[in-house]
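Chemist: Compute the structure for the input listed below.
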Amino acid sequence: LTSTMSGITFASQSELPRLPIPTLEETAAKLLDHLRPLNDDDDENGEQWRAIEAAVEHFKNEDGPKLQKLLLDYDREGRETGTVGSYVEAFWNDAYLVPDASVV
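Modeler: Here you go, the predicted structure:
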């Protein structure tokens, strides 16, 4: 019974739609949206907020495009070879499934 059940669990895994990869622009905008409430400045024109926006803009123009391409290549290769079901799969497995230490 156990071997039959484990075969059923992931039987249609490959038929599921893949997680979409957001564009670099979408990711940067989302990051700013999430950082906005954590900003110490009273308004969004303060020095700290301008530094945050400058850092995000720098990333979008420097390392971001290279990393985005690597991510897209990784996802494409995983899809073509069937080795990766999602671009977050390896991270998820390493971060949440592999550690044997308690998180509490």
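Chemist: next helix or strand past the host helix or strand of P65?
Modeler: P65 is located in helix 63-81, with elements delineated by DSSP states H and E. For helix 63-81, the following helix or strand on the C-terminal side (DSSP H and E) is helix 89-92.
Chemist: and for that next one, what are the contacting residues?
Modeler: Residues outside helix 89-92 that contact it (CB atoms under 8 Å, 6 or more residues apart in numbering) are G78, V84, S86. In this view, the C-beta of every residue, glycine as well, is placed from N, C-alpha and C.
Chemist: on that earlier part again, report the mean per-residue pLDDT for the helix holding P65.
Modeler: What helix 63-81 shows for mean pLDDT is 93.
Chemist: Check the offset of stretch 13-24 from the chain's centre.
Modeler: 11 Å (CA atoms, centre = their mean, to the nearest Å).
Chemist: can you check stretch 24-36 too?
Modeler: Per CA atoms, centre = their mean, the centroid offset for stretch 24-36 relative to its chain is 12 Å.
Chemist: can you check stretch 47-56 too?
Modeler: 22 Å.
Chemist: next one: stretch 10-20
Modeler: On CA atoms, centre = their mean, the centre of stretch 10-20 falls 17 Å from that of its chain.
Chemist: What's the mean pLDDT across that stretch?
Modeler: Across stretch 10-20, the per-residue pLDDT values average to 81.
Chemist: got the contact list for P17?
Modeler: By CB under 8 Å, 6+ apart, P17 has no neighbours at all.
Chemist: before we move on, back to that, list the neighbours of the helix holding P65 that are in contact with it.
Modeler: Contacts of helix 63-81 (CB under 8 Å, 6+ apart): R18, I21, T23, L24, A28, T83, V84, G85, S86, Y87, E89.
Chemist: Using neighbour counts, trim these to the buried set.
Modeler: The neighbour-count test (16 or more other CB atoms under 10 Å) applied to the contacts of helix 63-81 identifies I21, L24, A28, V84, G85, Y87 as buried.
Chemist: Could you work out the most separated pair of these?
Modeler: Based on CB to CB, the longest span within the buried ones among the contacts of helix 63-81 runs between A28 and G85 and measures 26.1 Å.
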